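A.B. asks: Return atomic coordinates for the entry below.
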Amino acid sequence: MSLGLSADVIVVGAGIVGAAVAWAAADEGLDVLIVSDGPPGDGATAAGMGHLVVLDDDPAELALSHYSMGLWRAYTGDVRAQYHGCGTLWIANDEGEVRLLAAKQSRLAQAGVASQWLASDEVARAEPALRPGLAAGLCVGSDAAVYAPAVAADLVARACRERGARLLMPARVGKLRPRGVTLDNGTALHAAAVVVAAGLASRALLPELPFVPRKGHLAITERAPAAALSHQVVEVGYGASAHGSDDSVAFNVQPRPTGQLLIGSCRQVNRDDHEIDAAMLGRLMAHALRVLPALASARVLRAWTGVRPGTPDGRPYIGRWPALDGVWIAAGHEGLGVTTALGTARLVIDPLLGRATAIDASPFDPARVLIEVPA
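C.D. replies: Numbers count the residues shown, from 1 in each chain. This next block holds a predicted model:
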């Protein structure tokens, strides 16, 4: 059967966000065409940690991540085979960070997210491999992790297999048009709505929309019984580190179901190359060793980089793009793309169908970049 040149919705990009948008649109009975230059789940999705975690450093971020986490728990696809309900243990290194941890617990509680406070000795009992003397911890048991590339592939496969969506791959969009796109080879595709969900590649299609690339390094160990963790463990200052304007390193280590440890997290702002930076990787590993000394007994099998698509104000672009008729945007999620993918999809598809959104979508409106700020 030949591929039609029109659809109700064209989704540009098949990372975790694009895959989620495609699934949500197809599940609503819309005719969906997915255009991707690589396999579903490639790019930044494949390079990340796969966190499903409620973050609270910004009220809008908290609302979106909490909403999306509920959708993840309700999702009944093959994702369950890739789902690891490890929870998150946020740790405080000193009394100053204890205050940050207490504020985090308060914000989460106000949003309806349950957590458990751990005193210093309770942290040691919960995760004995961590360094002694950590000041406190906060366990969010509802957090989890997924193997994001497989989940993105599953979302696309289900959209195609169960709901009749079509995947055009490999194909690259060269230009956006009102209610359509033109591929690099000159082929014109038409749709009532085009959703640009191409991560950092979205900036080539929407040059007026500012993005801030943030390069990160990750490493994975062999199976490491001496350094075993029950939770993904994150420093309470991680949020500020992730959204800051300077290069940064924070402790963020995730146990994988295989018994391996995935080690993060760092940011290099305005870097979009994929080369290993030995100095930055060294900073990352040295910091991880300070918090998890038993890592010294674990051999690192592989290290790699990924580039996260950030925005100047730290909030993704989600919603209709008023500068071009029929174009919607779902991009710029930085390190929260996996967590917020399903929620992002609803914030696009619900208004596209004329429905109200479950949460306030205005903080993510792409049109905010068009508003002139008085001098």
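
A.B. asks: domains of the chain?
C.D. replies: Domain assignment for the chain, taken from automatic domain parsing, gives 6-48+148-210+314-370, 88-141+212-310.

A.B. asks: Tell me which of these sits most buried.
C.D. replies: With neighbours defined as mean count of other Cβ atoms under 10 Å, those peak in mean count at domain 6-48+148-210+314-370, which reaches a mean of 21. C-beta: built from backbone N, CA, C; applies to glycine.

A.B. asks: any idea of the mean pLDDT for that one?
C.D. replies: Predicted confidence along domain 6-48+148-210+314-370 averages 97 (mean pLDDT).

A.B. asks: Off-centre distance for it?
C.D. replies: Relative to its chain's centre, domain 6-48+148-210+314-370 lies at 14 Å (Cα atoms, centre = their mean, to the nearest Å).

A.B. asks: I'd like the domains of the chain as JSON lines, with distance to Pro59 appended.
C.D. replies: Below are those laid out as JSON lines (distance: least, Cβ to Cβ, whole Å):
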{"stretch": "domain 6-48+148-210+314-370", "distance to Pro59": "8"}
{"stretch": "domain 88-141+212-310", "distance to Pro59": "8"}
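
A.B. asks: Looking at those domains, spot the one closest to Tyr67.
C.D. replies: Proximity to Tyr67, assessed across the domains of the chain by Cβ to Cβ, is greatest for domain 6-48+148-210+314-370 (4.6 Å).

A.B. asks: ok now stretch 133-153, how far from the chain's centre?
C.D. replies: Chain-centre distance of stretch 133-153: 12 Å, with Cα atoms, centre = their mean.

A.B. asks: C-alpha coordinates for it, PDB please?
C.D. replies: Backbone C-alpha positions of stretch 133-153 (Å, rounded to 0.1, in the frame of the first residue of the first chain) are rendered in PDB as follows:
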ATOM      1  CA  GLY A 133      27.000  10.700  57.600                       C
ATOM      2  CA  LEU A 134      24.500  11.900  55.100                       C
ATOM      3  CA  ALA A 135      22.300  14.400  56.800                       C
ATOM      4  CA  ALA A 136      18.900  13.200  55.700                       C
ATOM      5  CA  GLY A 137      16.900  11.700  52.900                       C
ATOM      6  CA  LEU A 138      13.400  11.900  51.400                       C
ATOM      7  CA  CYS A 139      12.000   8.800  49.700                       C
ATOM      8  CA  VAL A 140       9.400   9.200  46.900                       C
ATOM      9  CA  GLY A 141       8.200   5.700  46.400                       C
ATOM     10  CA  SER A 142       6.000   6.400  43.400                       C
ATOM     11  CA  ASP A 143       8.900   7.400  41.200                       C
ATOM     12  CA  ALA A 144      10.300   4.900  38.800                       C
ATOM     13  CA  ALA A 145      12.500   4.400  35.700                       C
ATOM     14  CA  VAL A 146      12.000   3.000  32.200                       C
ATOM     15  CA  TYR A 147      14.200   2.000  29.400                       C
ATOM     16  CA  ALA A 148      13.100   4.900  27.300                       C
ATOM     17  CA  PRO A 149      14.200   3.800  23.800                       C
ATOM     18  CA  ALA A 150      12.200   0.600  24.100                       C
ATOM     19  CA  VAL A 151       9.200   2.500  25.400                       C
ATOM     20  CA  ALA A 152       9.300   5.000  22.600                       C
ATOM     21  CA  ALA A 153       9.500   2.200  20.100                       C
END
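
A.B. asks: And what about the residue nearest the centre of the chain, helix, strand or coil?
C.D. replies: Central residue of the chain (Cα atoms, centre = their mean): Gly337, 2.1 Å from the mean position. Following DSSP: H, G, I helix; E, B strand; the rest coil, the label given to Gly337 is helix.

A.B. asks: so it touches Gly50, yeah?
C.D. replies: No - the criterion here is Cβ atoms under 8 Å, and Gly337 misses it with Gly50 at 10.1 Å.
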